[in-house]
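Q: Quick check, what structure comes out for this input:
(one chain, ligands or ions: 1)
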Amino acid sequence: MKTGFDPRMVRQDFPFFSSREQPYHYLDNAATAQMHAAAFEAMHRHDLENRANVMRGNHRLAERATTAYESARQVVARFINAAHASEIVFTGGTTAAINLVAASLGSQWKPGDEVVVSQAEHHSNLLPWQALQARGIVLRVLPLQVDGCLETEALATLIGPRCKLVAVTHASNVTGAVTDVAAVVAAARQVGAWVLLDGAQRVQHGPLDVQALGCDFYAFSGHKCFGPSGIGVLWGQAAWLDRMPPFLRGGGMVGRVEPDQADWAPAPRRFEAGTPPITQAVGLAAVLEALMQWDWDAVHAHEAALQQLLLQGLQALPGLRLLGPVDGTARLPLASFSLAELHPHDLCQVLDGQGVAVRGGHHCAQPLMAHFGVEASVRASLACYNDRSDVDALLAGLVHAREVLA
Ligand code: PMP
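A: Now for the predicted structure:
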């Protein structure tokens, strides 16, 4: 049963806020969100009571650690509505998950086979595919509309019969725009291509349903959804994962090994060579359990109201240029912008002095920044625990920054 969500209370679940002597307006949640108390507690308890390696030992600690690790897989499966826990591969993060798919699938593709990405991708969902060009794989790039949204109408012509996979972001880390996944999946299915979604940004905003999305692979990171860093998830349809060769090789992912050859354990273990991020998996599961108790309609209403305040406040500032859609396109509660000729890094520094944390730079999305004709921008990204005082502090900080820097 849901316990409801009270935006005023939620900060109590995040030790970060009670550990500050001065109020600090943390608006860099798209880079890393603060960690939920459930993750702190679960990881502390696990390392105190059950710390051991997994899958390898017969003593009671090893058994408990293995159970905790495999239970974490089940929690993740529930959070994203995967058909089975065996479809969950623990990785080091979104980047590691996408590299895994690119290296594994790419090794099976032939020269002339194609992969489609968009110009809005984070470098983590671009460079792993770029690397395949050395093997003759053709990279096709979906163009963008003026506002940075994917030009989904161009998909039909861009996705040809040799297309093996379409890899796009579920939501942009620069504009917050949410991708029309149905359009992407429909176009890919026309030629039997698979679809990978980069869910790094979307996962912070509530449980997912990968089956309803209709994609084949989904990647996300723990640190973006109030969990620990050093862990991420690759979800893949079981039938596909079992056909894919491993990416990393080493302990724990084999069937039988002889001096000159080996065969592989079934997925997901085949993709988890070496000691996996055990404690982090336990922490991630604890926070996802907590998130599944929240009333997400209430969270979304809170985030939408804050987002409106943010966008309206920013647009009222003379000389401010907002990047991304403003026409009602579904978007996450974040905003990237430039202010007159002021350099984003200078703005971030002045804002930090005002107790406001935002990100300035190219956000690891240089092709998207080039589309907007800028090198860098400031990004303010809101999470469920932010409130009006955070938005007000940002807006006041920007007015102050302009006075200081002009
Ligand atoms: N994709 C997107 C859209 C992101 O925002 C990020 C993180 N900035 C990543 C991928 C990479 O995530 P990680 O650094 O956790 O691997």
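Q: who's in contact with the residue of the stretch 301-406 of the chain found nearest the ligand?
A: Proximity of the stretch 301-406 of the chain to the ligand (Cβ to the nearest ligand atom) peaks at C364, 5.8 Å away. Quick note: C-beta positions are derived from backbone N, CA and C, even for glycine. For C364, the contacting residues are H122, H123, S124, N173, by Cβ atoms under 8 Å, 6 or more residues apart in numbering.
Q: what kind of secondary structure is it in?
A: Under DSSP: H, G, I helix; E, B strand; the rest coil, C364 falls in the coil class.
Q: how close does it sit to C348?
A: 16 Å (Cβ to Cβ, to the nearest Å).
Q: And for C163?
A: Per Cβ to Cβ, C163 is found 40 Å from C348.
Q: how about the residues of the stretch 201-350 of the chain that lie near the ligand?
A: Q201, S221 (Cβ under 6 Å from any ligand atom).
Q: Swap in 8 Å and give it another go.
A: Q201, A219, S221, H223, K224, S229, G232 (Cβ under 8 Å from any ligand atom).
Q: between the residues you listed, which is nearest the ligand?
A: The shortest approach to the ligand among those belongs to S221, at 3.3 Å (Cβ to the nearest ligand atom).
Q: tell me the contacts of that closest one?
A: Neighbours of S221 in contact, by Cβ under 8 Å, 6+ apart: G93, T94, T95, A200, V203, S229, I231, G232, V233.
Q: rerun at 10 Å
A: Applying Cβ atoms under 10 Å, 6 or more residues apart in numbering, we find S221 in contact with 32-33, 91-97, 124, 199-201, 203-204, 227-233, 284.
Q: cool, and L322?
A: Contacts for L322 (Cβ under 10 Å, 6+ apart) come out as D147, T175, L310, L311, L314, Q315, A335, S336, F337, S338, S377.
Q: among the residues you listed, which two are most distant?
A: The largest separation in those, counting by Cβ to Cβ, is between D147 and L310 at 17.0 Å.
Q: These two: which is more packed in?
A: Set D147 next to L310 and count neighbours by other Cβ atoms under 10 Å: L310 wins out with 25 against 16.
Q: Phi, psi for Q307 please.
A: phi -60, psi -40 (degrees, to the nearest 10).
Q: What sits closest to it if chain neighbours are left out?
A: The shortest distance from Q307 to any non-neighbouring residue, by Cβ to Cβ, 6 or more residues apart in numbering, is to P333 (3.9 Å).
Q: The one you found and D387 touch, don't they?
A: No: counting by Cβ atoms under 10 Å, P333 does not reach D387; the two are 12.0 Å apart.
Q: what is in contact with those two at once?
A: H302, A305, L306, L309.
Q: follow-up on the earlier one: please flag which of the contacts of S221 sit within strands.
A: Residues of the contacts of S221 located in strands (DSSP state E): T91, G232, V233.
Q: and the last one, what does it touch?
A: When contacts are counted by Cβ under 10 Å, 6+ apart, V233 touches 73, 76-77, 79-80, 82, 87-91, 93-94, 97, 199, 203, 218-222, 225, 281, 284, 288.
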